[in-house]
Structure formats: C-alpha cells, structure tokens
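> No sequence on hand, only this structure:
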C-alpha cells in the first residue's frame, strides 16, 4: 500500500489515468462515500483540535481555572459545535460536491466529442481527493508542531491536485487541439456560475446588484 502511495505521488497523472480505466461507476460511488466520510471526519478532528487549543492551560491561567474546569469548557464547546450532526451534514455536502464536480467534467468531455463515461471522471476526482486527504493529514500533524509548515503543505497539496486533475482530464480526452477544450470549459463554468448566482439570489433574496456592491466594497 505504501509503495502504491509513493508511486501515485511520483506519477500522479499516469496513476490516475490507469485507475480511471479500471474503476466502474459502482466502485466510484463506494469510493466517493468513503472519501466523503474521511474528509468529514478530518473536519471534526480539526474542530476538536481547535477547541482543545482554545481552552488550553497556556491561554487560561491555572490560577483562574482548574484542569477539570477547562475540560468542562472544552466539552461545552464541543457540544455547541454539534460535531455529530456536523459530521453527517459535511459528509452529504462533500459527497454531492464530488458527484457534481465529476458530472461537470463529464459534460465537458461530451461537448468536446469524447467517449469517456461518467465513471472515468468520477474516478479522477476521487483519486485526486485521496492525495488531498494525505496532504490534509500531514497538515494537521505539522500544524501541531509549527503552524506555517501545515499551511505550506496545504497550499502545496491544493496546487498539486489541481494540476494533476487538469492534466489527467486533458490527457484522457485524446484530443489534439486544446482550443476547443478551453472554450467549452470556459462556457460550462460561466453557465454554472450563472446558475449558482440565480439559485443564491432565489434562496437568499440577494440581487445581482447587491453582489456587485459587495465586490466593490472588497476591492
């Protein structure tokens, strides 16, 4: 297993392309559920670590709070964080996000006349997220030692998986001209952004003008 992980890090695009040809939709869905659960669990662990750090003896003098009082404050904070319900909510959100991300890549593939199936793009997204999970675990561990190291690992992981997914998807399409891919990808993402804005406006009541005003305030 460790050798497979090393191989995937050394040959990310090649490995992801190979796995995308081997995995069917059923295996992809199972993998999606497992990956979503692991990421959701890691989010819960991060919240717990944050709470433990917030109510630590280094921040609260022992002259004000005893060890038992600090633990009581920690447990109260964990209860307010609703870790269990948050775990399942995050699990569902991540699972939907992975499925939708793979669907977007599938739509782009079909628009550029590729014969790739949904199982292929789902496998690609799943497998780059495995790399993300490994990077996130390193981030959590290194952040406990020295926070900037964790941030650096997190940044490097995001860049690594983004480039890996982009190149793997491009190579899987078997097209010689990338111009049409660029145009189609831009068009699909713009349409998606419009749909998201319309949905957000319908749900929150925020108009497009309000969004523009917020953007201008941030600039």
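Sure thing, it's come through. Owing to the predicted nature of the structure, the values given are computational and were not obtained by experimental measurement.
> ok, how many other residues are close to residue 171?
By the criterion of other Cβ atoms under 10 Å, residue 171 has 13 neighbours. Heads up, the C-betas are built off the backbone N, CA and C, glycines and all.
> Against which helices or strands is the host helix or strand of it packed?
Assigned by DSSP states H and E, residue 171 falls within helix 147-172. Counting by 3 or more Cβ pairs under 8 Å, 6 or more residues apart in numbering; DSSP states H and E, the packing neighbours recorded for helix 147-172 are helix 12-22, helix 83-111, helix 118-145.
> Which residues does the shortest one contact?
So the one you mean is helix 12-22. For helix 12-22, the surrounding residues in contact (Cβ atoms under 8 Å, 6 or more residues apart in numbering) are 7-8, 119-121, 123-124, 127-128, 131, 160, 164-165, 167-168, 171-172.
> quick one, it and helix 118-145 angle?
Here the directions of helix 12-22 and helix 118-145 differ by 140 degrees (axes from the mean of the first three to the mean of the last three Cα atoms, to 10 degrees).
> And the helix or strand following helix 12-22, what does it pack against?
Per DSSP H and E, the first helix or strand lying C-terminal to helix 12-22 is helix 25-54. In terms of contacts (3+ Cβ pairs under 8 Å, 6+ apart), helix 25-54 is packed against helix 67-81, helix 83-111, helix 118-145.
> Okay, buried residues for helix 25-54 please.
For helix 25-54, the neighbour count (16 or more other Cβ atoms under 10 Å) marks 28-29, 31-32, 35-40, 42-44, 47, 51 as buried.
> now it: how far from the chain's centre is it?
10 Å (Cα atoms, centre = their mean, to the nearest Å).
> quick one: it to helix 118-145, angle?
20 degrees.
> so where is this structure shaky, pLDDT-wise?
Along the chain, the model assigns pLDDT under 70 to residues 1-5, 57-65, 204-219.
> make it 50
61-62 (pLDDT under 50).
> Next, work out how far apart the spatially closest residue to residue 91 that is not a sequence neighbour and residue 143 are.
Distances taken as Cβ to Cβ, 6 or more residues apart in numbering put residue 40 closest to residue 91, at 4.1 Å, once the chain neighbours are dropped. Distance of residue 40 to residue 143, given as Cβ to Cβ, to the nearest Å: 19 Å.
> need the contact list for residue 118.
25, 102, 103, 106.
> and residue 78, what does it touch?
Residue 78 neighbours (Cβ under 8 Å, 6+ apart): 47, 48, 51.
> gap between residue 185 and residue 163?
Distance of residue 185 to residue 163, given as Cβ to Cβ: 15 Å.
> List the residues that contact residue 41.
Here residue 41 is in contact with residue 87 (criterion: Cβ under 8 Å, 6+ apart).
> just residue 9 next, same as before
Residue 9 neighbours (Cβ under 8 Å, 6+ apart): residue 131.
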